[in-house]
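*Asks:* just coords:
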């Protein structure tokens, strides 16, 4: 089945690797970028691919509400949305919050409230969480805490807020789909892909799921895992990702089959209360 995918942050390094992988499956991709100067770079990614590539120039800093995001969704008409955008530390805290939190949450909410959209994936990072997971050591948690609160405090607050909105609202949408009798393969899936430190190496074997905290992973491997998670029926939840010894397909199939979700250990009820600060949960 040909899918129509909105890839938000299309000029990013992961997105530029991901785009031809999506197109190679005869899926159609609309790559949302911030500047017309980036258009030629993106258009070349579609050369010789069976899927159709479109480019949409739009500033995420102008997306300040769910209705702003909905206008773009209505224009593109995707059935899957992938968020791989970010301020990248440019423009100070206000820009980080505007893009990594506010725009991300706006697109998350708008996508989940759009019936024809059945998957939303965000590329986050593995320390985007508020509580120590049981499979991390105290030293690993300490490292994560130092990164979140000392090195990247604004980025952390933005990303964890967006991750939590996706987690809460995706679960609500999924439960609604179940009640409505939507067939399993068409129920909404919210996916947070959570790599460790990114590198520019070649794609390789990985470790995925409830894994160690510290480590690296090539952006190319992130893109490969993203595609396999999108392809996998029923893949939903948080997936931590690092270099490892398992083939990508095997790792994804194992995690999905076993129902592994790295959100375990988080306080879901407190998470729901925080999400309400961004507006009511649609019923």
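*Replies:* Perfect, thanks for sending it. All values reported here derive from a predicted model rather than from experimental measurement. Residues are numbered from 1 along each chain as shown.

*Asks:* C-alpha only now, for contacts and for neighbours.
*Replies:* Fine.

*Asks:* so the spatially most central residue of the chain, which state does it fall into?
*Replies:* Closest residue to the average C-alpha location of the chain: residue 122 at 0.9 Å, with C-alpha atoms, centre = their mean. Three-state assignment for residue 122 (DSSP: H, G, I helix; E, B strand; the rest coil): strand.

*Asks:* tell me where the stretch 51-200 of the chain has helices.
*Replies:* Assigned by DSSP state H, counting those that start in this stretch, the stretch 51-200 of the chain shows helices spanning 66-76, 92-96, 104-112, 138-146, 153-180.

*Asks:* which one of those helices is the most hemmed in?
*Replies:* Highest mean neighbour count of the helices of the stretch 51-200 of the chain: helix 104-112, a mean of 26 (counted as mean count of other C-alpha atoms under 10 Å).

*Asks:* who are the packing partners of it?
*Replies:* helix 66-76, strand 119-123, helix 153-180 (3 or more C-alpha pairs under 8 Å, 6 or more residues apart in numbering; DSSP states H and E).

*Asks:* now the angle from it to helix 66-76?
*Replies:* With axes from the mean of the first three to the mean of the last three C-alpha atoms, to 10 degrees applied, the angle from helix 104-112 to helix 66-76 works out at 50 degrees.

*Asks:* and the contacts of helix 104-112?
*Replies:* Contact partners of helix 104-112, identified using C-alpha atoms under 8 Å, 6 or more residues apart in numbering, comprise 63-70, 73, 81, 83, 117-118, 120, 162, 165-166, 169-170, 173, 188.

*Asks:* can I get the helices and strands packed on helix 104-112 in TSV with distance to residue 220 and mean pLDDT?
*Replies:* Converted to TSV, those look like this (distance: least, C-alpha to C-alpha, whole Å; pLDDT from 0 to 100):
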stretch	distance to residue 220	mean pLDDT
helix 66-76	26	98
strand 119-123	13	98
helix 153-180	21	97
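
*Asks:* so which of these gets nearest residue 205?
*Replies:* strand 119-123 (18.7 Å; C-alpha to C-alpha).

*Asks:* closest one to residue 202 among the helices and strands packed on helix 104-112?
*Replies:* strand 119-123 (18.5 Å).

*Asks:* note down every partner strand of that closest one and its orientation.
*Replies:* Strand 119-123 pairs in its sheet with strand 80-83 (parallel), strand 189-195 (parallel), by DSSP bridges.
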